[in-house]
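> below: sequence and its predicted model.
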Amino acid sequence: MSAIKNFWSRIGKKGRIIIIVVFLLVIGGIGAILVRVPDPPHVVLPPEALVSIGGEVEHNQAVGGFGITNTMITAWISAIILGLIFYFGTRKMKLVPRGLQNFVEWLIEFMVNFVDSIAGEEKGRKFFPVVATIFLFVFANAWLSLIPGYGTIGFKEVIHEGAEATTVIVPWLRGANTDVNVPLVIALVSFVFVEYWGLRFNGLNYLKKFASFGTLNKSLGLIFRGKKAGFATLFNGVIDVFIGFIEFLSELIRIVSFTFRLFGNMTAGEILLGSIMFLIPWVVADIFYGLELFIGVVQALIFASLTLIFVTMATAPHEGHEENAGHAEHAEH
Amino acid sequence: MDFDSARMIGAALAIGAGALGPGIGIGLLGMGAMGALGRNPEARGPIMTNMIVAIAMAEAVAIYALIVAILLVFVAVPKPGA
């Protein structure tokens, strides 16, 4: 026994890690041979309903009534865990923070600095709550879905495909971001948030971005008064109207792009982990676990920072057009 | 060509061709970031953050292609009667 202890203390940190990895690889290999290789991932894109209030569940979809899906449950779990962390972190506040309070303060400080660095201090404080909530919710959904048990524990279901019958698992818990409805809802919240603050800060001027008839009006006016100068700006006027239309479209396309960016990344991550587990059990999957942890942070950061950038752009004072027009008028007089 | 081989080829083409543009884009972004880092090594933090955000924007295009491929492989079913 002492020989093993001696050896363990002599090989150093790197040696220990290598031994542990080799040990896990061997166990993974033995497990794969003796027990069985995990099944290739069975991909279901729509969320599976577990129970249906006032209806029945057929083929994992609620028929009539209101279905409680596995992604809804994980979204609630994320929200509850975030709430608990912040409740216990802020319950007994001390001047010199320790433990959970320290962590919560660090997190909030990081996010406040981030928001302030993009939106500026005055606006940043107004945008902070929604942006931080988006960040934390997406982040919690992404990281919690990596806990073992998510996507692996659930009902057994037999699928008949022709003569073959395969058994698949309908998980009780499934990462909330892998349900297209969750990213869509967050994207809609972000959209409403951007438009609200745009209107609040710039009033009706905000809408001028989408309907810029100013140049066209002026050139048409010149033409009707029989001045040839109108024709020169007519083309610019038409282009301005067109740009307004494109601006309006891009506002709507943002929702789609927000939705599918998050949904695609998270779904692809789950499928990737499943496939790697199927190809090489255990150790190699850990590397991809690390990748998924990184992607979870990055996607949350991107969702929050893009919302922040859009809202900062929408609330930026609108003067470019008016100023130019004013100068042109001055020059004419 | 039967339905299964058609959708498999379609999925492979979707992600294969769809990854070309984002690949070039991410390469250009990395090049720009490395150049900026070489000129101004102190600005490492902001360059990193902005690079990651921009790369994620480029990557999103590849993700759309990936979604099409996933839909083709796992979700697409033949039309009845086809």
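Looks like it arrived, so ask away.
> which residues of chain B lie near chain A?
Residues of chain B found near chain A, taking CB under 8 Å from any CB of the partner chain as the criterion, are B:52-53, B:56-57, B:60, B:63-64, B:66-67, B:70-71, B:73-75. (Glycine included, C-beta is placed from N, CA and C.)
> restricted to strands, list these.
Using DSSP state E, no member of the residues of chain B next to chain A falls within strands.
> which among those residues end up buried?
Buried members of these, counted by 16 or more other CB atoms under 10 Å in any protein chain shown: B:Ile52, B:Val53, B:Ala56, B:Met57, B:Ala60, B:Ile63, B:Tyr64, B:Leu66, B:Ile67, B:Ile70, B:Val73.
> so the second one versus A:Gly83, what's the distance?
When you say that, I think you mean B:Val53. B:Val53 sits 28 Å away from A:Gly83, going by CB to CB, to the nearest Å.
> ditto for the fourth one
B:Met57 sits 32 Å away from A:Gly83, taking CB to CB as the criterion.
> check contacts around A:Trp106.
For A:Trp106, no contacting residues are found, by CB atoms under 8 Å, 6 or more residues apart in numbering or on different chains.
> what comes up buried for stretch A:76-91?
Within stretch A:76-91, the residues scored as buried using 16+ other CB under 10 Å are A:Ile77, A:Ser78, A:Ala79, A:Leu82, A:Ile85, A:Gly89.
> excluding chain neighbours, what is closest to the residue of chain B found nearest chain A?
At 3.5 Å from chain A, B:Ile63 is the closest residue in chain B, using CB to the nearest CB. The shortest distance from B:Ile63 to any non-neighbouring residue, by CB to CB, 6 or more residues apart in numbering or on different chains, is to A:Gly264 (3.5 Å).
> element containing the one you found?
Using DSSP states H and E, A:Gly264 sits within helix A:229-279.
> about what we covered before: confirm for me that the residue of chain B closest to chain A is in contact with A:Arg261.
Yes - counting by CB atoms under 8 Å, A:Arg261 is a contact partner of B:Ile63 at 6.1 Å.
> among the residues of chain B next to chain A, which ones are in helices?
Using DSSP state H, the members of the residues of chain B next to chain A that fall within helices are B:Ile52, B:Val53, B:Ala56, B:Met57, B:Ala60, B:Ile63, B:Tyr64, B:Leu66, B:Ile67, B:Ile70.
> residue contacts, A:Lys92?
A:Gln101.
> now do the SS call for it.
Recorded secondary structure, A:Lys92: coil (DSSP: H, G, I helix; E, B strand; the rest coil).
> next, it: phi, psi?
When read as degrees, to the nearest 10, the backbone of A:Lys92 gives phi -110, psi 90.
> just the pLDDT for it.
pLDDT recorded at A:Lys92 is 79.
> and the closest residue to chain B within the stretch 151-300 of chain A, what is it in contact with?
Closest approach between the stretch 151-300 of chain A and chain B, counting by CB to the nearest CB: A:Gly264, at 3.5 Å. Shown in contact with A:Gly264 (CB under 8 Å, 6+ apart): B:Ala60, B:Ile63, B:Tyr64, B:Leu66, B:Ile67.
> okay, the last one: pLDDT?
Spelled out, that is B:Ile67. For B:Ile67, pLDDT reads 85.
> just the third one next, same as before
We have a pLDDT of 85 for B:Tyr64.
> I'd say it and A:Phe260 touch.
Yes - B:Tyr64 is within contact range of A:Phe260, at 5.9 Å (criterion: CB under 8 Å).
> export the contacts of A:Gly264 as a markdown table, with columns for distance to A:Lys5.
Converted to a markdown table, the contacts of A:Gly264 look like this (distance: CB to CB, whole Å):
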| residue | distance to A:Lys5 |
| --- | --- |
| B:Ala60 | 53 |
| B:Ile63 | 50 |
| B:Tyr64 | 56 |
| B:Leu66 | 50 |
| B:Ile67 | 53 |
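> show me where pLDDT drops low in chain A?
Low-confidence segments of chain A (pLDDT under 70): A:1, A:32, A:35-39, A:162, A:281-283, A:318-333.
> near chain B, which residues of it are found?
A:43-45, A:257, A:260-261, A:263-265, A:267-268, A:271, A:298-299, A:301-302, A:305-306.
> where in chain B is pLDDT low?
B:81-82.
> grab the nearest non-local neighbour of the residue nearest in space to the middle of it.
In chain B, the residue lying closest to the centroid (CA atoms, centre = their mean) is B:Ala62, at 1.8 Å. Once flanking residues are discounted, B:Ala62 sits nearest to B:Pro22: 4.0 Å by CB to CB, 6+ apart.
> before we move on, what about A:Leu220?
A:Gly230 (6.8 Å).
> can you report how many residues neighbour the one you found?
17 (other CB atoms under 10 Å in any protein chain shown).
> try the one 10 residues further on
Burial of A:Asp240, expressed as a neighbour count using other CB under 10 Å, amounts to 19.
> test my guess that it contacts A:Ala211.
No - the pair A:Asp240 / A:Ala211 is not scored as a contact, 9.7 Å apart, by CB under 8 Å.
> and the next helix or strand past the host helix or strand of A:Phe128?
Using DSSP H and E, A:Phe128 sits within helix A:121-144. Sequence order places strand A:154-161 as the next helix or strand after helix A:121-144, per DSSP H and E.
> orientation of the very next helix or strand once past that next one relative to strand A:154-161 in degrees?
Following strand A:154-161 in sequence order, the next helix or strand is strand A:164-171 (DSSP H and E). Per axes from the mean of the first three to the mean of the last three CA atoms, to 10 degrees, the angle that strand A:164-171 makes with strand A:154-161 is 150 degrees.
> so which bits of strand A:164-171 are buried?
Neighbour-count burial for strand A:164-171 flags A:Val168, A:Val170, A:Pro171 (criterion: 16+ other CB under 10 Å).
> follow-up on the earlier one: got the CA positions of the helix holding A:Phe128 in CSV?
Extracted as CSV, the C-alpha positions of helix A:121-144 are listed here (Å, rounded to 0.1, in the frame of the first residue of the first chain):
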residue,chain,number,x,y,z
GLU,A,121,-23.1,54.6,-18.3
GLU,A,122,-26.3,56.6,-18.5
LYS,A,123,-28.1,54.3,-21.0
GLY,A,124,-26.3,51.3,-19.7
ARG,A,125,-28.2,51.3,-16.4
LYS,A,126,-31.5,51.4,-18.3
PHE,A,127,-30.7,48.5,-20.6
PHE,A,128,-28.9,46.4,-18.0
PRO,A,129,-31.8,44.4,-16.5
VAL,A,130,-33.1,42.9,-19.8
VAL,A,131,-29.6,42.4,-21.3
ALA,A,132,-28.3,40.7,-18.1
THR,A,133,-31.4,38.5,-17.9
ILE,A,134,-31.0,37.3,-21.4
PHE,A,135,-27.4,36.5,-20.8
LEU,A,136,-28.1,34.6,-17.6
PHE,A,137,-31.0,32.7,-18.9
VAL,A,138,-29.3,31.6,-22.1
PHE,A,139,-26.2,30.8,-20.1
ALA,A,140,-28.0,28.8,-17.5
ASN,A,141,-30.0,26.8,-20.1
ALA,A,142,-26.8,26.0,-22.0
TRP,A,143,-24.7,24.9,-19.0
LEU,A,144,-27.5,23.1,-17.1
